[in-house]
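Novice: Let me see the structure of the following:
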Amino acid sequence: MSTSEYFNSGRQVDITVSSLPDRFEAVPNKVNKSSTSTRNSGRQVDITEPSLPDRSDTSDREIKYMLAAYEMAQHAFDDGEVPVGAVIVRNDEIIAKGRNRREKEKNALLHAEIDAINNACKALGGWRLWNCEIYVTLEPCPMCAGAIINAHIPKVFFGAYDFKNGSCGSVTNLFEMPYNFKPECAGGIMADECSELLKSFFKRLR
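Specialist: Numbering: from 1, shown residues only. Just a heads-up that it's a prediction; the model follows:
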């Protein structure tokens, strides 16, 4: 077990996590004017951060579960997949995990959120996840935002913003449209770390 001291908007939080690799580095919140954009299996991801909202209210609990999602993203990284990870939490317990599996499974549907939702439905024996929360390292795309709505997940937390495909505020916000279910959403949690992991992956491809 190792201890990572995570700094969030000047506040020091001590979180114990298992086996974080050397590429995990805490980066102070700042405006990042660099851009990483690539096409991987037809999806272009733009993680430029021209103006991120203030996340000084990020809680220790949110960081704890985003770290778990980040670990899943690392597994995707190591498996040659775009590094996106997700976890679903119910009653302060992680009940399901997911990660990007599109390349290995040759399936366009297998984004991290879909993988996690599928596993949560199996774990709970039903499709309504109304008392759950989902944490994902990249802003959900239209498909995943729609799956979250259909699964009735009331709270969504994501890390990096996706200015090409993000459907929780960056390109559009499906959660504000007049559907019969409207999840609450908070973004920018560990945004720097999640963005850096994506950038490292795309840099390795070049």
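
Novice: chain center to the longest helix along the chain: distance?
Specialist: For the chain, the helix that runs over the most residues, judged by DSSP state H, is helix 60-78. Distance of helix 60-78 from its chain centroid, counting by C-alpha atoms, centre = their mean, to the nearest Å, is 8 Å.

Novice: so after that helix, what's the next helix or strand?
Specialist: Following helix 60-78 in sequence order, the next helix or strand is strand 85-90 (DSSP states H and E).

Novice: All the helices of this structure, residue numbers only.
Specialist: Taking DSSP H as the criterion, the chain contains helices spanning 60-78, 102-105, 112-124, 142-150, 191-205.

Novice: nearest to residue 171, of these?
Specialist: Of all those, helix 142-150 sits nearest to residue 171, with 8.4 Å by C-beta to C-beta. All C-beta spots, glycine's among them, are computed from the backbone N, C-alpha and C.

Novice: So which elements touch that closest one?
Specialist: Judged by 3 or more C-beta pairs under 8 Å, 6 or more residues apart in numbering; DSSP states H and E, helix 142-150 is in contact with helix 112-124.

Novice: and the angle for the helix it packs on with strand 85-90?
Specialist: For helix 112-124 against strand 85-90, the angle by axes from the mean of the first three to the mean of the last three C-alpha atoms, to 10 degrees is 30 degrees.

Novice: okay, and the helix or strand of the protein with the least pLDDT?
Specialist: strand 11-17 (a mean of 36; mean pLDDT, DSSP states H and E).
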